[in-house]
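Novice: This is a predicted model, with the sequence first.
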Amino acid sequence: MPTTFDESVVLLDVREHDEWARGHAPGARHIPMGEVPARLAEIPRDATLYVMCQAGGRSQRVAQYLAAQGYSPINVSGGMLAWAAAGRPVVTDDGRPGAV
């Protein structure tokens, strides 16, 4: 999985607002799990789509939902816990170091 993203790659973080505020992957897009159906138009269909949550459970459910809607999502196994454990950056909205 890449560590930087351009328009062809979307890292969709489906965690809740408080989890996102504590820290997220730089460049990720935030749509909480419960808001995904209403916000499908914000998710590009032609992008390589990675879906992540805290540990991988919620993102798996969202990935299954998106697949049923015609997307080709990839669930990020281990979620933000695995992302941070691999030494990848975690930031807050203002760019400061974040926490998972």
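Specialist: Received, thanks.

Novice: could you check the distance from residue 30 over to residue 82?
Specialist: Distance of residue 30 to residue 82, given as C-beta to C-beta, to the nearest Å: 18 Å. (Glycine included, C-beta is placed from N, CA and C.)

Novice: Strands of the chain, residue ranges please.
Specialist: 9-13, 29-30, 48-52, 73-75 (DSSP state E).

Novice: Now do the third one: which elements does it pack against?
Specialist: Using 3 or more C-beta pairs under 8 Å, 6 or more residues apart in numbering; DSSP states H and E as the contact test, the elements touching strand 48-52 are strand 9-13, helix 57-68, strand 73-75, helix 79-85.

Novice: Mind checking those for the one nearest to residue 40?
Specialist: helix 57-68 (8.2 Å; C-beta to C-beta).

Novice: what angle sits between that closest one and strand 9-13?
Specialist: Orientation check (axes from the mean of the first three to the mean of the last three C-alpha atoms, to 10 degrees): helix 57-68 against strand 9-13 gives 130 degrees.

Novice: Who are the packing partners of helix 57-68?
Specialist: Right, helix 57-68 is packed against strand 48-52, strand 73-75 by 3+ C-beta pairs under 8 Å, 6+ apart.

Novice: which regions of the protein sit below the pLDDT cut-off?
Specialist: For the chain, residues meeting the criterion pLDDT under 70 lie at 1-6.
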